[in-house]
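Student: what's the 3D shape of this:
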Amino acid sequence: MNFVDPKSRKVTPEMVITKLKEHGQTVTKAEAKIILDFMYKIAILSVNQYVKL
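Tutor: You can find the predicted model right below:
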């Protein structure tokens, strides 16, 4: 399965931290990286599933 290289992503862990802080959630940089990894994987799976329909 092809996943996006973290170096080429447009959303950074710092952006995740900022956005979640706006909504009252506090996360570390390591947690933000995990969140981004999960979200990119789900996005790719969703697109692949949609294309196969």
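
Student: remind me, longest helix of this structure?
Tutor: helix 29-52 (DSSP state H).

Student: buried sites along that helix?
Tutor: The neighbour-count check on helix 29-52 (16 or more other CB atoms under 10 Å) flags Ala32, Ile35, Leu36, Tyr40 as buried. No exception for glycine: its C-beta is placed from N, CA and C like everyone else's.

Student: Hmm, which of these is lowest in pLDDT?
Tutor: Lowest pLDDT among those: Tyr40, with 91.

Student: Against Thr26, how distant is that residue?
Tutor: 22 Å (CB to CB, to the nearest Å).

Student: can you check Asp5 too?
Tutor: Asp5 is 28 Å from Thr26, by CB to CB.

Student: Run a quick neighbour tally on Pro13.
Tutor: 19 (other CB atoms under 10 Å).

Student: typo on my end, Val16
Tutor: 20.

Student: So for it, what's the pLDDT?
Tutor: 96.

Student: do Asp5 as well
Tutor: 72.

Student: ok, now how distant is it from Ala32?
Tutor: 17 Å.

Student: Repeat that for Ser46.
Tutor: 21 Å.

Student: Likewise for Tyr40?
Tutor: Applying CB to CB to Tyr40 and Ala32 gives a distance of 12 Å.

Student: in this structure, which segments are predicted with low confidence?
Tutor: Applying pLDDT under 70 to the chain flags residues 1-4.

Student: and the helix or strand harbouring Val16, what does it pack onto?
Tutor: Val16 is part of helix 13-22 when elements are defined by DSSP states H and E. On a contact count with 3 or more CB pairs under 8 Å, 6 or more residues apart in numbering; DSSP states H and E, helix 13-22 meets helix 29-52.

Student: Run the angle between the helix it packs on and helix 13-22 for me.
Tutor: Angle, helix 29-52 to helix 13-22, by axes from the mean of the first three to the mean of the last three CA atoms, to 10 degrees: 100 degrees.

Student: other SSEs contacting helix 29-52?
Tutor: Using 3+ CB pairs under 8 Å, 6+ apart: helix 29-52 touches helix 13-22.

Student: All set now, cheers.
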